[in-house]
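In: For reference, the sequence and a predicted model appear below.
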Amino acid sequence: MKILTEFEAKKLLSKYKIKITEGRIAGSPDEAFDIASRIGTPVAMKISSPDISHKSDVGGVLLNVKKEDVIKTYEEMITRIRKMVPAANIEGILIQQMAPPGHEIIVGLKKDAQFGYALMFGLGGIFVEVYKDVSFRVAPIEKRDALAMISEIKGYPILKGIRGRKPADIGSIADVLVYVSELAEKENIIEFDINPLIVNESGAIAVDARAMVE
Amino acid sequence: MLSSIFEPGSVAIIGASNNITKWGGRIIKNILSGFEGKIYPVNPKETLVQGLASYSSILDIPGEVEMAVIIVPSQFVIPIIEECGKKGVKGVIVITAGFGEAGHPELEKELVKTVRKYGIRMIGPNSLGIVNERARLNASIIGRLPRPGSISFITQSGSLGLALAEWTIDTELGLCKVISTGNKADTDDVDLLEYLGNDPSTGVIAMYIEGITRGKMFMEAARLIKKPIVAIKTGRSKRGANAVFSHTGSMAGSDEVYSAAFRQAGILRVENIDDLFDTALAFSCQPLPVGNNVAIFSNGGGASIVAADECERQGLNIVDLEVKTREKIKKVIPAFASTSNPIDTAGTVSFRIYNDSIQALHDDPNVDAIIIIYVHTLLSNAMPPAEAVVELKQKCHKEGSRKPIIACWMGGAGTEEGVELLKSGCVPNYPVPERAVKVLAGLIKHREFLETVKIGVEAKDKLGRCK
């Protein structure tokens, strides 16, 4: 059993044609600055460690970091987390494009003893935390199943566009669901989340992901 | 072949007893009560069991033995199976408990190995037996043969399974087969679905499930069967055990996954025991509606509103009737009663009111299904409206109508005759409107399954992996 870092988990996603926010791991403040300059600021900075899967619990996620703050932020985050979790093996900090505005979606997989894999879809944030407004299918699924899965959650009208907001690209979410259902068996997944997948009118992009594999 | 278990030409009861308070006595008594094939009791301590010559071993029986029911202490089961194998027995039902369920998985594995060595099919161990009404065979500890019907019921062992079987018989639900699966060591749900799917006398499959093992195969087997499958799966509340790593892990408890799997396989999952048999009954005697447009007809306003509310909850549409339909109904109901759906006769009841109105509703092209309610009062008679419903049901369905007619005779005492008539006329009847509506929603759901997920047995070759 192995837990993948966000970087590794997202590499897996891009292998299956799922769009991810671009980013690279920086091993030093200068490298962080270089990467940030190349992908365009502001950036998201996230601690990268196989021993830390809940990054924000240790203050390992900072968003909208301006170009002039990248170096200072790098140094502070590393120092703070080293102190908080001395045993953690820290690879560096993931410097990443900021996600575009859109709806937060959660897509996940779980290995199931009876049926192989369960695939989950829901709106992210409070919708999944509080209302548990999610739908399930047994993988693999076809696009038709994915569309049914999306339409059966209570929050579906939100995706279709309420109060003058443009409808989200539901087809692109369905594609992600189909791709995720494909990767389950091939990649020996035990548990897996894309949280969030950001979707707006022009498509869906995976912003964060975590995976536990065999 | 499972047919050797359900339709045997000859049966040996190993562990047969003269004492009918013992299972070995009860089962042979049950088999004797209807089965017309050869019956051989086996018990080395007796010469005569319930009037039949008893054999000390199955190997002493002169003729062929197709099936054996085994009720002996667990340590003797495997040697007995060896004898069955040598005798050429094709199927066994092992009633004996004390295997996997009692902490002896090794003994159960050995048992499976033994039956497979001889190519014997086995139900059990720890089964309460099987009933096949068509063969008048009650090889179980269930009290008596059920009323004939097209519902086959698979139940996982245990006292609840037995109680359910007894209860369906008490309510005179028409049953074809009752199968107590026991530990499912050899024959499991997948095998049984395949068998019942091909069984011409089974029209509806009802299942009481605690857990299944071959999940993917189970889904595939169910998708191949176009007959309705209604299931209750217990243990809903269990959440995932390793719920720490991912959100999905914490949300995808086994129950959610079962629900998804059932839906993808076209299995109608129901919430409770009432729903299971309510729905199975409707499937066994009503056509599937084409759409979800419902007409409700009642002699009481309150009951029709309850029905309409439940329709809304279940996503069924209370349809607008054609003007012509309303004119026809207006002729027979009091002037002050309303002819808009749901229709309420304002308390008046007669054969003609029910007959003419239901006929009009049935002929309305906007209507896909009809719910007929009768609320009993001291001033009304439950029989004439029941007669009208039964007559129309039989006429319309003979003409190939695809509009189900569901009845709800409310009021208990005083309605018995009417209720009995509905039952014998094959009109599904329920004591409260919500149950009638839920059943109708189930029929509609199954039609959707046929359009979306069911592929039918003809697709089996193309699929090429269901075995």
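Out: Structure received. Residues are numbered from 1 along each chain as shown, chains lettered A, B, ... in the order given.
In: What residue in the stretch 201-350 of chain B comes nearest to chain A?
Out: B:Thr248 (2.6 Å; Cβ to the nearest Cβ). To be clear about C-beta, it is placed using only N, CA and C from the backbone, and glycine gets the same treatment.
In: show me the contacts for the residue lying closest to B:Phe262 once chain neighbours are set aside.
Out: Leaving aside its chain neighbours, B:Phe262 sits nearest to B:Arg269 (4.5 Å; criterion: Cβ to Cβ, 6 or more residues apart in numbering or on different chains). Counting by Cβ atoms under 8 Å, 6 or more residues apart in numbering or on different chains, B:Arg269 touches B:231-233, B:258-259, B:262-263.
In: what's across from B:Arg269 in the sheet?
Out: B:Ala231 (DSSP bridges).
In: quick check, stretch A:43-51 touching chain B?
Out: No - Stretch A:43-51 does not reach chain B (Cβ under 8 Å from any Cβ of the partner chain); its nearest approach is 13.3 Å.
In: what residues does that stretch touch?
Out: Residues contacting stretch A:43-51 (Cβ under 8 Å, 6+ apart): A:3-7, A:21, A:23, A:25, A:32, A:35-36, A:55, A:58, A:60-65, A:70, A:73-74, A:77, A:81, A:85, A:87-99, A:208.
In: So for it, what gets flagged as buried?
Out: Neighbour-count burial for stretch A:43-51, with 16 or more other Cβ atoms under 10 Å in any protein chain shown as criterion, is recorded at A:43-49.
In: what mean pLDDT does that stretch have?
Out: Confidence for stretch A:43-51, expressed as mean pLDDT, is 92.
In: what number of residues lie near residue 86?
Out: Picked chain A for this. The burial count assigned to A:Pro86 is 7, neighbours taken as other Cβ atoms under 10 Å in any protein chain shown.
In: that's the other chain; I wanted chain B
Out: 11.
In: Tell me the gap between the host helix or strand of B:Glu194 and the middle of its chain.
Out: Using DSSP states H and E, B:Glu194 maps to helix B:189-197. Remark: helix B:189-197 is offset 14 Å from the chain centroid, using Cα atoms, centre = their mean, to the nearest Å.
In: Checking the residue most central in space within chain B next. Helix, strand or coil?
Out: Chain B has B:Ala206 as the residue nearest its centroid, 3.4 Å off, counting by Cα atoms, centre = their mean. At B:Ala206 the chain is in strand, as set by DSSP: H, G, I helix; E, B strand; the rest coil.
In: B:Lys227 versus that one, what's the distance?
Out: 11 Å (Cβ to Cβ, to the nearest Å).
In: Just the terminal-to-terminal distance for stretch B:44-56.
Out: Terminal residues of stretch B:44-56 are spaced 4 Å apart (Cα to Cα, to the nearest Å).
In: Which positions within that stretch qualify as buried?
Out: B:46, B:49-50, B:52, B:54-55.
In: Counting neighbours, what do you get for B:Ile455?
Out: 16.
In: my bad, B:Leu443
Out: If we define neighbours as other Cβ under 10 Å, then B:Leu443 has 23 of them.
In: Let me see the contact set for it.
Out: Counted by Cβ under 8 Å, 6+ apart, B:Leu443 has contacts B:279, B:282-283, B:286, B:288-289, B:369, B:404.
In: gap between it and B:Phe76?
Out: Taking Cβ to Cβ, one finds B:Leu443 at 48 Å from B:Phe76.
In: helix or strand for A:Arg80, which one?
Out: helix A:70-84.
In: next one: A:Ile194
Out: strand A:189-200.
In: do A:Phe136 as well
Out: strand A:134-138.
In: Show me what that strand is packed up against.
Out: strand A:116-123, helix A:143-151, helix B:215-223, helix B:254-265 (3 or more Cβ pairs under 8 Å, 6 or more residues apart in numbering or on different chains; DSSP states H and E).
In: per-residue pLDDT, the closest residue to B:Met217 other than its chain neighbours?
Out: Nearest residue to B:Met217, sequence neighbours excluded (Cβ to Cβ, 6+ apart): B:Val190, at 4.7 Å. You'll see B:Val190 listed with a pLDDT of 97.
In: my read: B:Val190 touches B:Met219, true?
Out: No - look at B:Val190 against B:Met219 with Cβ atoms under 8 Å: they stay out of range, at 9.4 Å.
In: tell me the contacts of residue 18?
Out: Using chain A here. A:176, A:179-180, A:194, A:204, A:206.
In: Switch to chain B, please.
Out: B:Asn18 touches B:25, B:46, B:48-50, counting by Cβ under 8 Å, 6+ apart.
In: from the residues you listed, which two are the most distant?
Out: Longest distance between any two of the contacts of B:Asn18 is 12.8 Å, between B:Gly25 and B:Leu48; criterion Cβ to Cβ.
In: Now B:Leu175: phi and psi?
Out: phi -120, psi 150 (degrees, to the nearest 10).
In: Let me know how buried the residue nearest to it when sequence neighbours are not counted is, in neighbour terms.
Out: Distance criterion Cβ to Cβ, 6+ apart; nearest residue to B:Leu175, sequence neighbours excluded, is B:Pro146 at 3.8 Å. B:Pro146 has 25 neighbouring residues, counting by other Cβ under 10 Å.
In: helix, strand or coil for B:Pro146?
Out: Classified using three-state DSSP, B:Pro146 is coil.
In: So it versus chain A, what's the distance?
Out: B:Pro146 is 31 Å from chain A, where distance means Cβ to the nearest Cβ, to the nearest Å.
In: Do you have the helices of the stretch 351-467 of chain B handy? List them.
Out: Ranges of helices within the stretch 351-467 of chain B are B:351-363, B:383-398, B:416-424, B:433-452, B:460-463, based on DSSP state H, counting those that start in this stretch.
In: Low-confidence bits of the chain, can you list those?
Out: No chain in the question, so chain A it is. Along chain A, the model assigns pLDDT under 70 to no residue.
In: ah, I was thinking of chain B
Out: In chain B (pLDDT under 70), the answer is B:157-158, B:161, B:236-244, B:457-467.
In: which one is the closest residue to chain B within chain A nearest to, not counting chain neighbours?
Out: Closest contact between chain A and chain B, by Cβ to the nearest Cβ, is at A:Gly108 (2.6 Å). Leaving aside its chain neighbours, A:Gly108 sits nearest to B:Thr248 (2.6 Å; criterion: Cβ to Cβ, 6+ apart).
In: for B:Asn19, same thing?
Out: Per Cβ to Cβ, 6+ apart, closest to B:Asn19 is B:Gly25, 4.5 Å.
In: helices and strands around the helix or strand where that neighbour lies, which ones?
Out: Taking DSSP H and E as the criterion, B:Gly25 maps to helix B:23-32. Using 3+ Cβ pairs under 8 Å, 6+ apart, the elements in contact with helix B:23-32 are strand B:10-14, strand B:38-42, strand B:137-140.
In: so how far is the second one off the chain centroid?
Out: Right, the one you point to is strand B:38-42. 30 Å.
In: Pull out the buried residues from it.
Out: B:38-42.
In: Neighbours of residue 148, how many?
Out: You didn't pick a chain, so chain A it is. 17.
In: look at chain B instead
Out: Quick note: B:Pro148 (other Cβ under 10 Å) scores 12 neighbours.
In: do you know how far the closest residue in space to it that isn't next to it in sequence is from chain A?
Out: Nearest residue to B:Pro148 in three dimensions, chain neighbours excluded: B:Glu133, at 5.2 Å (Cβ to Cβ, 6+ apart). Distance of B:Glu133 to chain A, given as Cβ to the nearest Cβ: 32 Å.
In: All set, thanks.
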